[in-house]
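J.: can you look at this prediction? I've put the sequence above it.
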Amino acid sequence: MEMTIHRFFSAPKSKKNHSALGPLLAFAVIMQSVFSCTPTLNQQIVNLTPNPNAQEKQLTKGLQGHFLNHRQAFSADDAWLAFDGRTDDPKMGENSLIGMVNVRTGEIKELYRVPGQQAYGPGSGAVSFSPKRKEAVFIRGLLSASAEQPYHFTRRSAIGLNLEDPDAPLLTNLDARDVTRPFTPGALRGGSHAYSYTADGEWLSYTYNDEILEQTARVNPAVKDLRTVAFMVRGKAVEVQTELAEEFSGTNFSVIVAEVIPFPKPGSDEIQKACEEAWVGSEGYTQANGEKVFRAMAYLGTVLTLEGKELTEIFVTDIPEDWEKSLEETDLTGSENLMPQPPRAFIQRRVTYTAGKKFPGVQGPRHWLKTSQGGDRIFFYAKSDDGVVQLFSVSPEGGEPVQITHNDFSPDTAFSLSPDDQWIAFGYQNQIYLTEVATGKSFPAGPAPQSNHSELCNFNWSYSGQTLVYNKKVNEDGGSFFQIFAINPFDQ
């Protein structure tokens, strides 16, 4: 397939701009003609039997990586896939390219190039499309990156891409950053990562590492830089008064979701790390008593057992609709020794208690949690009593987890839940598998692994539920690069 490459957006010349950025500029993706409609979520899949011989289509080629994010890689109309140019997953600090490929034609558009890219940074990647607007968000390291201060967990931020007007493309700082006292409420003191939109496109979740605590930890062993989860709200601009290149204003207001403790009490529900988050449901969830929870975030939390061993469990933070009322009584800025605190209105809860199981905790390949559209189920990996990694689900209110699969092999990729909640896609030994959620049965789908294909990963379902896309590394003359593939797994 012949592919046409267009240079669609070039990085602007570097200049300081520390004024308030005003209402959120839709950090959009492409011209109006590109995105003409938004599909209806939960569109039912017509063919409900996976075809093991479904035809695979390679969308990208060449001596260049085309690396998908693990979620929300599809544009709102299912026409485009966002990617970054990484050749290997850990090498975000070395990547400068943000682009997209047309699912039907294979046409590639280069959206952005990081200025002054070197091996140490700034770096970029993990780009997601909004499910509602003509916008995208991606990670970019600080433009001040140097060999002494390279791309790092605490030195990166959310960049919005707005191409509503193709004649005047705009790049926007979404999360404000302030790392000198006095800290600014709503601004970050470190780095954000791996963004996920709510279904209405209004909020963005992410994982977070704090630079202030990282610096303090170098001289104070009682302090640790602990990963946690957070979100930002569009349209609530944060102004940072500064002349430092490492600090900037942003169009979104950020708050921490999970409280993390440097030294949790063994056997308690205190956590020392929160990560791999997911929004619960497309519109929150309904509790057993009939009360509606406005929004909620599920995430993995690291606790200590009574014996002092680390254990990964599932936690949920419930967010009431009037959560902003508690901001005045919340420490949103923190100190040299303390992380900014979650709003007091948030309710942080432990969902799973698995210390007594033969193989306790969430286990398996690294994965982000997934939840059903109605928010009644959280999906995750754990080991069954025979030591095999299986898919499980649990209610956001807790209770005994339900084992879904009973496979005789352990998946070796993360998984992706179809938009109608009926199918889960994952990989094993470079073969695609689909699990029917209702029965727990797993079926191979797509072609058998090829000798020059490896590292199957990054499954994404289209909003229609008809297309599944993923990455595989392709070995060919000139090198080995991640390419994008697509199948309709139900196509007979």
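T.: Looks like it came in fine. Numbering: from 1, shown residues only.

J.: now Gln58, nearest residue through space, not along the chain?
T.: Among residues not flanking Gln58 along the chain, Phe485 sits closest, at 5.4 Å (C-beta to C-beta, 6 or more residues apart in numbering). For glycine as for every other residue, the C-beta is placed from the backbone atoms N, C-alpha and C.

J.: and what of Ser416?
T.: In space, Ser416 is closest to Phe459, 3.8 Å off (C-beta to C-beta, 6+ apart).

J.: just the element for that neighbour, please.
T.: Using DSSP states H and E, Phe459 maps to strand 453-461.

J.: after that strand, next one along is what?
T.: Using DSSP H and E, the helix or strand that follows strand 453-461 in sequence is strand 468-476.

J.: contact partners of that following strand?
T.: With contact meaning C-beta atoms under 8 Å, 6 or more residues apart in numbering, strand 468-476 is reached by 58-59, 61, 66-68, 73-74, 81, 103, 416, 425, 427, 430, 432, 445, 452-462, 480-489.

J.: likewise stretch 82-92?
T.: With C-beta under 8 Å, 6+ apart, stretch 82-92 has contacts from 29, 60, 64-69, 73, 75, 94-101, 123-129, 136, 138-139, 141, 151, 457, 479-482, 484.

J.: rewinding a little: what's the angle from the strand holding Phe459 to strand 468-476?
T.: Interaxial angle, strand 453-461 versus strand 468-476 (axes from the mean of the first three to the mean of the last three C-alpha atoms, to 10 degrees): 160 degrees.

J.: against which helices or strands is strand 453-461 packed?
T.: In terms of contacts (3 or more C-beta pairs under 8 Å, 6 or more residues apart in numbering; DSSP states H and E), strand 453-461 is packed against strand 416-417, strand 423-428, strand 431-436, strand 468-476.

J.: pipe those strands into CSV and attach distance to Gln117 and mean neighbour count per row.
T.: Formatted as CSV, those follow (distance: least, C-beta to C-beta, whole Å; neighbours: other C-beta atoms under 10 Å):
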stretch, distance to Gln117, mean neighbour count
strand 416-417, 30, 24
strand 423-428, 31, 24
strand 431-436, 33, 22
strand 468-476, 22, 21
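
J.: got TSV for those, with mean pLDDT and distance to Val179 too?
T.: Output for the helices and strands packed on strand 453-461, formatted as TSV (pLDDT from 0 to 100; distance: least, C-beta to C-beta, whole Å):
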stretch	mean pLDDT	distance to Val179
strand 416-417	98	36
strand 423-428	98	39
strand 431-436	97	43
strand 468-476	96	34
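
J.: out of those, which comes closest to Ile404?
T.: Of all the helices and strands packed on strand 453-461, it is strand 431-436 that lies closest to Ile404, at 6.7 Å by C-beta to C-beta.

J.: sheet partners, orientation included, of the helix or strand just after the closest one?
T.: Reading on from strand 431-436 to the C-terminus, the next helix or strand found by DSSP H and E is strand 442-445. Based on DSSP bridges, the pairing partners of strand 442-445 within the sheet are strand 431-436 (antiparallel).

J.: re earlier: ok, the residue nearest to Ser416 - contacts?
T.: Shown in contact with Phe459 (C-beta under 8 Å, 6+ apart): 70, 413-416, 425-427, 432, 468-470.

J.: again, 10 Å this time
T.: Taking C-beta atoms under 10 Å, 6 or more residues apart in numbering, we find Phe459 in contact with 68, 70-71, 73, 413-417, 424-427, 432, 434, 468-471.

J.: thinking again about what came up before, turn the helices and strands packed on strand 453-461 into JSON lines, including distance to Glu336.
T.: Output for these, formatted as JSON lines (distance: least, C-beta to C-beta, whole Å):
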{"stretch": "strand 416-417", "distance to Glu336": "40"}
{"stretch": "strand 423-428", "distance to Glu336": "43"}
{"stretch": "strand 431-436", "distance to Glu336": "47"}
{"stretch": "strand 468-476", "distance to Glu336": "41"}
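
J.: for Arg177, find the nearest of those strands.
T.: Closest approach to Arg177 among the helices and strands packed on strand 453-461 is made by strand 468-476 (30.3 Å; C-beta to C-beta).

J.: with just CA atoms, put the closest one into PDB.
T.: Coordinates of each C-alpha in strand 468-476 appear next as PDB, following Å, rounded to 0.1, in the frame of the first residue of the first chain:
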ATOM      1  CA  LEU A 468      -9.300  -3.900  16.500                       C
ATOM      2  CA  VAL A 469      -5.900  -2.300  16.000                       C
ATOM      3  CA  TYR A 470      -2.500  -3.100  17.600                       C
ATOM      4  CA  ASN A 471       1.200  -2.800  17.300                       C
ATOM      5  CA  LYS A 472       3.700  -5.400  16.200                       C
ATOM      6  CA  LYS A 473       7.400  -5.000  15.700                       C
ATOM      7  CA  VAL A 474       8.300  -5.800  12.100                       C
ATOM      8  CA  ASN A 475      11.800  -6.900  11.200                       C
ATOM      9  CA  GLU A 476      12.800  -5.900   7.700                       C
END
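
J.: tell me what angle that strand forms with strand 423-428.
T.: Angle, strand 468-476 to strand 423-428, by the same axes, to 10 degrees: 20 degrees.

J.: for the helix or strand following strand 468-476, buried residues please.
T.: Downstream of strand 468-476, the next assigned helix or strand under DSSP H and E is strand 479-487. The neighbour-count check on strand 479-487 (16 or more other C-beta atoms under 10 Å) flags 480-487 as buried.

J.: which of those sits closest to Pro264?
T.: Closest approach to Pro264 among those (C-beta to C-beta): Phe482, at 37.2 Å.

J.: tell me the bridge partners for that closest one.
T.: Bridge pairing for Phe482 (DSSP bridges) gives the partners Lys473.

J.: show me what contacts it?
T.: Neighbour list for Phe482: 60, 64-68, 83-89, 454-455, 457-458, 471-474 [criterion: C-beta under 10 Å, 6+ apart].

J.: what about Leu63, neighbour count?
T.: When neighbours are counted by other C-beta atoms under 10 Å, Leu63 registers 11.

J.: confidence score at the closest residue to it other than its chain neighbours?
T.: Leaving out its chain neighbours, the residue that sits closest to Leu63 by C-beta to C-beta, 6+ apart is Gly478, at 4.8 Å. Predicted confidence (pLDDT) at Gly478: the value is 80.
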